[in-house]
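Asker: missing the sequence, but the structure's below:
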């Protein structure tokens, strides 16, 4: 056959193949045609490459084949973000991202990297053993569980601040002002918020204490302050309700608050301050 | 008769010499020291995580050098162990403990002041390709210092972006590279 005619028929065949292979993309009813050239590392065209495109938004994909001169054409695309993947014999696979505009004809050239040569270094050459390079699903599960429990800890901790603040604001109503005793309903309300705070705090602490400890990791950064403050607000969250219940019974019996119960509000104040500082110490992280 | 032996000897010796020259042309590169720094941006916070634990080797043959660099994910230190463990978890560092980078460069790239490399990066169970990433080089004797930034994103590796106060981090997590290689 005449070489010119052979080349023409070859191109015609490839174009037809391209249109058939790209059929799933026709469903998008787009009018953008993407074309370009596939080249190797030295800039020479790579013949007969396989080009796949995937629309990021919808996941729709299609495949075309490049021609012997390294050119390709993908018709009927819609504007949007795409992932284009190119493979060719003797070369590695290359994945690129591109955004198509509403312009009807757009060009995207791709340069393929040559695959690694026969003497390419391996992980073993770097002194990395297969066990070091291979993951451990149990370890990942431990990390997942830890993150999950600490996220619950974080949320419960923030929720706990609501009854904690309410306890602080209802405190004066329970204790009374200027030598006058507080009302029984004020005491009940304060006690209810105090009990809610203690219960939520215990749940919060549970998720932090029970979160898996990751071996071979040292504690660094703001989390050290967060943990240190727990030694103040932890005992405080136990002591404060005990002192509060003593104060509650003293006031209910018509007595003035006396003895160690006098320190209920001081203990509550220190505990709340340490708790707030603990939240702030880790609030600048994700 | 004797006069004909010389050309025969040369016919044998020249290819051998050429082969020996080719074998001598093979060279190796070893990563002496490295600093890899990822940068995470959040509307409320900026974070850098640094690792000096990368291992690397380059092997040159027939004018092309294949490089392999590997760094354990858990060696990145952002100054907060809690955040580092969280990063290890979201990047699935338990299942995929290494970041592995492969690239191929022409041997003469070592002599250039700037290079552009096609990188293949395996991380978090995904493989991403970066084309023509620019790096600056400084050669001193048998060592070469390479600096640059890999324009990586969390989407490249299908990582669910971590959030703080319901706001996710930015998609871009550029990794600054500062490596010193030695030719052997």
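Answerer: Perfect, thanks for sending it. Bear in mind that the values here come from a model prediction, so they are computed numbers and not experimental data.

Asker: just for chain B, where's the confidence low?
Answerer: Counting by pLDDT under 70, chain B contains low-confidence ranges at B:1-25.

Asker: can you give me the helices for it?
Answerer: B:2-25, B:81-90 (DSSP state H).

Asker: helices and strands around the strand or helix carrying residue A:274, which ones?
Answerer: Following DSSP states H and E, one finds residue A:274 within helix A:264-282. Helices and strands touching helix A:264-282, by 3 or more CB pairs under 8 Å, 6 or more residues apart in numbering or on different chains; DSSP states H and E, are helix A:137-175, helix A:222-252. In short, each C-beta sits where N, CA and C put it, glycine included.

Asker: what's the average pLDDT for the next helix or strand after the longest one?
Answerer: Right, the one you point to is helix A:137-175. Moving toward the C-terminus from helix A:137-175, the next helix or strand (DSSP H and E) is helix A:184-210. With pLDDT averaged residue by residue, helix A:184-210 scores 94.

Asker: counting by contacts, list what the helix or strand where residue A:34 lies packs against.
Answerer: Using DSSP H and E, residue A:34 sits within strand A:32-39. Counting contacts by 3+ CB pairs under 8 Å, 6+ apart, strand A:32-39 packs against strand A:71-77, strand A:94-100, strand A:105-107, strand A:110-111.

Asker: quick one: closest of those strands to residue B:73.
Answerer: strand A:94-100 (21.6 Å; CB to CB).

Asker: isn't residue B:100 up against residue A:123?
Answerer: Yes - using CB atoms under 8 Å, residue B:100 is in contact with residue A:123, at 7.4 Å.

Asker: now do the shared contacts for the two.
Answerer: B:68, B:70 (CB atoms under 8 Å, 6 or more residues apart in numbering or on different chains).

Asker: residue B:33: what's it in contact with?
Answerer: Residue B:33 makes contact with B:52, B:179, B:180 under the criterion CB under 8 Å, 6+ apart.

Asker: now render those as CSV, adding distance to chain A and neighbour count.
Answerer: Listed next are these as CSV, based on distance: CB to the nearest CB, whole Å; neighbours: other CB atoms under 10 Å in any protein chain shown:
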residue, distance to chain A, neighbour count
B:52, 15, 14
B:179, 14, 20
B:180, 16, 17
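
Asker: could these be laid out in CSV, adding distance to residue A:152?
Answerer: Shown next, in CSV, are those (distance: CB to CB, whole Å):
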residue, distance to residue A:152
B:52, 35
B:179, 41
B:180, 45
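
Asker: may I see the buried residues of stretch A:268-286?
Answerer: A:268, A:270, A:271, A:272, A:274, A:275, A:278, A:281, A:282, A:285, A:286 (16 or more other CB atoms under 10 Å in any protein chain shown).

Asker: how close does the fifth one get to chain B?
Answerer: To tie it back to what came earlier, the one meant is residue A:274. According to CB to the nearest CB, to the nearest Å, residue A:274 and chain B sit 19 Å apart.

Asker: got it, and the third one?
Answerer: Here residue A:271 is placed at a distance of 23 Å from chain B (CB to the nearest CB).

Asker: and the nearest residue in space to that residue that is not next to it in sequence, what does it touch?
Answerer: Leaving out its chain neighbours, the residue that sits closest to residue A:271 by CB to CB, 6 or more residues apart in numbering or on different chains is residue A:236, at 2.9 Å. Applying CB under 8 Å, 6+ apart to residue A:236 gives the contacts A:267, A:268, A:270, A:271, A:274, A:275.

Asker: isn't the second one up against residue A:172?
Answerer: Okay, so that is residue A:268. No - counting by CB under 8 Å, residue A:268 stays clear of residue A:172, with 11.8 Å between them.

Asker: centre of the chain versus stretch A:60-80, how much separation?
Answerer: 34 Å (CA atoms, centre = their mean, to the nearest Å).

Asker: what parts of the stretch 1-150 of chain A come near chain B?
Answerer: A:41, A:92-96, A:111, A:113-114, A:116-123, A:125-128, A:132-144, A:146-147, A:150 (CB under 8 Å from any CB of the partner chain).

Asker: what subset of these is buried?
Answerer: Counted by 16+ other CB under 10 Å, the residues of the stretch 1-150 of chain A next to chain B give A:41, A:92-95, A:111, A:113, A:116, A:120-121, A:123, A:125-126, A:128, A:133, A:135, A:139-140, A:142-144, A:146-147, A:150 as buried.
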